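>>> structure for the following, please:
(one chain, ligands or ions: 1)
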Amino acid sequence: MLNIKIERVATPKIKPDYSKLGFGKFFTDHMFLMNYSTEKGWHDARIVPYGPIMLDPSAMVFHYAQELFEGLKAYRTAAGNIQLFRPDKNIDRMNATCDRLCVPQIPAEDVLQAIKAVVEVDKDWVPYDEGTSLYIRPFIIATDPMLGVHPSHTYIFAIILSPVGSYYAAGINPVKIYVEREYVRCVKGGTGRAKAGGNYAASLIGQKRAEDMGCAQVLWLDGVERKYIDEVGAMNVFFVINGTVITPELTDGNILPGVTRMSCIELLKKWGVPVEERKLSIDEVIEAQKNGTLNEAFGTGTAAVISPIGELYDGDTKMVINNNEIGSIAKKLYDAITGIQWGKDADIMGWIEKID
Ligand code: COI
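Numbers count the residues shown, from 1 in each chain. Just a heads-up that it's a prediction; the model follows:
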């Protein structure tokens, strides 16, 4: 159990217009901080006014990217209560990423306590409008002032909060996705399954190409054969072929084990919809599109929720999926997951952690 000191802001900020939030542009009044040193372990848990963090220019995070993060959301129910969606899964994944990046783990119950405490302090920031939520961004940075390439001995764990609307400007409307054939996001044995900031830095070149082509995101192929589908920039990806829902398997360690991905698979199994976690080649998708068996495609993520894919751009070829419309499975999953998240539907899966 952490002993969290709280220093509140003297004057709260003016809140943004909740109908025009977009994603990750506004931040609340407070943030959670905790330090790590070899001698003291994780210590000095505190909630302080949101603001710059002072670091030595030689802090290792600036040079060797020893950094990791998580993303989850707090939802406001119609009754005005605030709740989290499967925070235990994010916390477990955060500690798995810690192991991969040689960062000391934080006890899961302490992370949950910290998340709940900072959301509680900034609870007025959890928006009420339809489709909005408070995005929670925990992250850890290496702070040793040191240019040798070694794991740091000191770290800061921080949690910042951002009221958000939909991740894509298109909202729940289908997005365009660009298939990246030259660059790769990760390789077997790399950090693909970890939520490391460095993975996203490596992905930016593909993201830029996607944006230059008017696409929202990149579809990454595996780093060895450049053939199998890994994931989309900020989402896991699902294709429905001939009524079977297929998503790339996690076994090679290339793919982020998404909490929304996991929740979709669990719901589909519960509904008796055939779902397969397996290798899926881009050629199989192209073939299915040609022979009319590609029913729909969608991405999943905490930020993006369920995002239908309307068009795939692969070189000079443009594939239109499901007439550029949201498919029935994507819609059913979206309704079920958001219904539970915003407390419109009963929490039949036991996924909700209430804050107040
Ligand atoms: C999330 O969905 O929470 C993510 O972390 C994706 C992010 C890179 C925007």
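
>>> who's in contact with the closest residue to the ligand within the chain?
Of all residues in the chain, residue 71 sits closest to the ligand, with a separation of 2.4 Å (C-beta to the nearest ligand atom). For glycine as for every other residue, the C-beta is placed from the backbone atoms N, C-alpha and C. Applying C-beta atoms under 8 Å, 6 or more residues apart in numbering to residue 71 gives the contacts 90, 135, 136, 137, 195, 301, 302, 303.

>>> what number of residues lie near the fifth one?
Burial of residue 195 is recorded as 24 neighbouring residues (other C-beta atoms under 10 Å).

>>> can you tell me the closest non-neighbouring residue to it?
With C-beta to C-beta, 6 or more residues apart in numbering as the criterion, residue 195 has its nearest non-adjacent residue at 5.0 Å, and that residue is residue 97.

>>> now name the helix or strand holding that neighbour.
Element membership for residue 97 (DSSP states H and E) is helix 87-100.

>>> run through the stretch 51-200 of the chain and note the low-pLDDT ranges.
Low-confidence segments of the stretch 51-200 of the chain (pLDDT under 70): 170-171.

>>> what parts of the stretch 101-250 of the chain come near the ligand?
200, 234 (C-beta under 6 Å from any ligand atom).

>>> the stretch 251-356 of the chain now?
Going by C-beta under 6 Å from any ligand atom, the residues of the stretch 251-356 of the chain near the ligand are 301, 302, 303.

>>> show me the contacts for the last one.
Spelled out, that is residue 303. The neighbours of residue 303, taking C-beta under 8 Å, 6+ apart as the test, are 23, 24, 71, 135, 164, 167, 234.

>>> can we see that at 7 Å?
Counting by C-beta atoms under 7 Å, 6 or more residues apart in numbering, residue 303 touches 23, 71, 135, 167, 234.

>>> repeat for the second one
In this structure, residue 302 makes contact with 71, 72, 73, 259, 260, judged by C-beta under 7 Å, 6+ apart.

>>> how many neighbours does residue 190 have?
With other C-beta under 10 Å as criterion, residue 190 counts 18.

>>> flag the shaky bits of the stretch 251-356 of the chain, pLDDT-wise.
Using pLDDT under 70, nothing in the stretch 251-356 of the chain is flagged.

>>> that one: strands as residue ranges?
Counting by DSSP state E, counting those that start in this stretch, the segments of the stretch 251-356 of the chain that form strands are 275-277, 294-301, 305-314, 317-320, 352-354.

>>> which strands and helices lie in contact with the third one?
Taking 3 or more C-beta pairs under 7 Å, 6 or more residues apart in numbering; DSSP states H and E as the contact definition, the neighbouring helices and strands of strand 305-314 are strand 175-180, strand 294-301, strand 317-320, helix 328-341.

>>> for the nearest residue to residue 46 once chain neighbours are set aside, grab the count of nearby residues.
Residue nearest to residue 46 in three dimensions, not counting chain neighbours: residue 5, with 4.5 Å by C-beta to C-beta, 6+ apart. Counted with other C-beta under 10 Å, the neighbours of residue 5 add up to 10.

>>> measure residue 5 to residue 31 for me?
Distance of residue 5 to residue 31, given as C-beta to C-beta, to the nearest Å: 13 Å.

>>> same check on residue 226?
Counting by C-beta to C-beta - residue 226 and residue 31 are separated by 41 Å.

>>> how about the contacts made by the residue nearest to residue 117 when sequence neighbours are not counted?
Distances taken as C-beta to C-beta, 6+ apart place residue 4 nearest to residue 117, at 5.2 Å, with adjacent residues excluded. The neighbourhood of residue 4, defined by C-beta under 7 Å, 6+ apart, consists of 45, 46, 47, 114, 117.

>>> pretty sure the residue nearest to residue 195 contacts residue 197?
No - Residue 97 is beyond contact range of residue 197, at 10.2 Å (criterion: C-beta atoms under 7 Å).

>>> out of those two, which sits in the more crowded spot?
residue 97 (23 against 18).

>>> could you measure from that one over to residue 104?
Using C-beta to C-beta, residue 97 is found at 12 Å from residue 104.

>>> same check on residue 340?
Counting by C-beta to C-beta - residue 340 and residue 104 are separated by 33 Å.

>>> the more surrounded of these two?
Higher neighbour count among residue 340 and residue 104: residue 340, with 23 against 18, using other C-beta under 10 Å.

>>> wouldn't the more buried one be in contact with residue 334 here?
No - here residue 340 lies out of contact with residue 334, judged by C-beta under 7 Å, at a distance of 11.3 Å.

>>> looking at the contacts of residue 303, which two lie furthest apart in space?
Maximum pairwise distance in the contacts of residue 303, criterion C-beta to C-beta, is 12.3 Å, between 135 and 234.

>>> who's in contact with the helix or strand hosting residue 230?
Residue 230 is located in strand 229-232, with elements delineated by DSSP H and E. Residues from elsewhere that reach strand 229-232 (C-beta under 7 Å, 6+ apart): 177, 185, 217-222, 237, 248, 254-256, 280, 282, 299.
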